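# Here is my input; please provide its structure:
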Amino acid sequence: MFAGKKARLVVAAILAGSVGVSIPTVASGQQLPGFTIFGGPEQKNQLNFFLESGESEDDSDRYHLRIPADKMELAAARFVIDYPDYYDGEFNVDRVEVLVGEGDNRKSVELDEVIWDPENHVIEIYPLEPVPAGKKVELKFSDVDNPDFGGMYYFNARIESPGDVPLLRYIGTWVLTID
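Numbering: from 1, shown residues only. All right, here's what the predicted structure looks like:
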């Protein structure tokens, strides 16, 4: 009787151990607004994102900075992203895309110009035609050199509407964490 009980315990231990081994590991990369304990933008102002790597020692990363359709209340003739002065990563302006829509209806927008001003910590994206209001937008930055050291970085999104007073309107903030 005692041997049967021991055998059941051993089998249970083996099964419990194999369950932990069979759980797939999560791929590297980060998405969605992280968990902010102190400070930061209000939850309603946090924007979703996906970093394909999110590692400081990686040579190249790809950022998918997303703006939901309900935040795009006006058309956008210019996207302006500012980031903190302690972010020392580098952007490749030739590898920036603006994607509009969802699923099969998602289209890449032709860009007139992308300007990266590292001294003022700003990236400006000028679509050839204004991006319409009420559409989901993704700003995709490829070939990004992440900062040398990890940290939390607030990237603020603003847009300028066509024909409007040249006033930037705040859309939200991506709270990026680089490991």
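
# C-alpha from now on. contacts and neighbour counts both.
OK.

# which stretches of this structure aren't confidently modelled?
Residues of the chain that meet the criterion pLDDT under 70 lie in 1-42, 58, 164.

# can you give me the helices for it?
Applying DSSP state H to the chain gives helices spanning 2-22.

# centroid residue for it?
Residue closest to the mean C-alpha point of the chain, counted by Cα atoms, centre = their mean, is Phe49 at 2.5 Å.

# Can you name the residues bridging to it?
Leu65 (DSSP bridges).

# His64 and Tyr86, how far apart?
To Tyr86, His64 is 21 Å away according to Cα to Cα, to the nearest Å.

# check contacts around Pro118.
Contact analysis of Pro118 by Cα atoms under 8 Å, 6 or more residues apart in numbering lists nothing.

# just Asp94 next, same as before
Listed by Cα under 8 Å, 6+ apart, the contact set of Asp94 reads Val114.

# Among His64 and Tyr86, which residue is more densely surrounded?
His64 (20 against 12; other Cα atoms under 10 Å).

# distance of the more buried one from Leu167?
Distance from His64 to Leu167, by Cα to Cα: 25 Å.

# Repeat that for Val96.
23 Å.

# Please say which of these two ends up with more neighbours.
Val96 (20 against 10).

# wait, doesn't that one sit right on Phe141?
Yes. Judged on Cα atoms under 8 Å, Val96 makes contact with Phe141 at a distance of 4.7 Å.
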